[in-house]
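> requesting a structural model of the entry that follows:
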Amino acid sequence: MTDETEEDLLPELATPDPMTPKRRALIDGMVWRGLKLTEAAIEAGMTERNARMCAQDTKFRAALNAEMAAFKASQRPRNVHRLVELRDQNEAKGAAVQAIRVLEELAQQADAAPPSDVRPGIVVIIQREHQAAPVASEAAKIVFAAPGDDLAED
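I've put the predicted structure just below:
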């Protein structure tokens, strides 16, 4: 029997979140409010130098890119509405024609787009059939013996 210490009973701690509240505020200011790096740094309560150092950190950039992707996705519906407004106006007929073309291209892309999980390539699916373990033949025997025992066949 082994003695268990309190350390053995505690769950593994996850790695600390590298995104401090100031870093998150920096990203929010730049992405959602459209501030420049220096302006967002001031509002986040950090120095410009610290903000530039954050911008060099790979984990910070990954979080920034993820937030930018969310921002872009949130803007797409409004972009389509703006194209519809341009299409329906009568002052700039060239802009209306161009908006119609873009809307038609978007519709064709949506119709032709494969499901999001499908990517080009080869998929190999390996299926293993579950088979029962082979039954030992009657001639097979299991013999337990100590070293030095004489194992003569019966």
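
> so what pLDDT did Arg52 get?
At Arg52, the model reports a pLDDT of 94.

> equivalent analysis for Arg76, please.
On the pLDDT scale, Arg76 gets 88.

> which SSE is it in?
In the assignment (DSSP states H and E), Arg76 maps to helix 58-88.

> and that helix, which residues are buried?
The neighbour-count check on helix 58-88 (16 or more other CB atoms under 10 Å) flags Phe60, Ala63, Leu64, Glu67, Leu83, Leu86, Arg87 as buried. Quick note: C-beta positions are derived from backbone N, CA and C, even for glycine.

> which residues of this protein score low on pLDDT?
1-18, 113-119, 130-154 (pLDDT under 70).

> which helices and strands does the helix holding Arg76 pack with?
helix 21-31, helix 48-56, helix 93-112 (3 or more CB pairs under 8 Å, 6 or more residues apart in numbering; DSSP states H and E).

> so can I have JSON lines of these showing mean neighbour count?
As requested, the helices and strands packed on helix 58-88 are exported to JSON lines (neighbours: other CB atoms under 10 Å):
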{"stretch": "helix 21-31", "mean neighbour count": "19"}
{"stretch": "helix 48-56", "mean neighbour count": "14"}
{"stretch": "helix 93-112", "mean neighbour count": "12"}
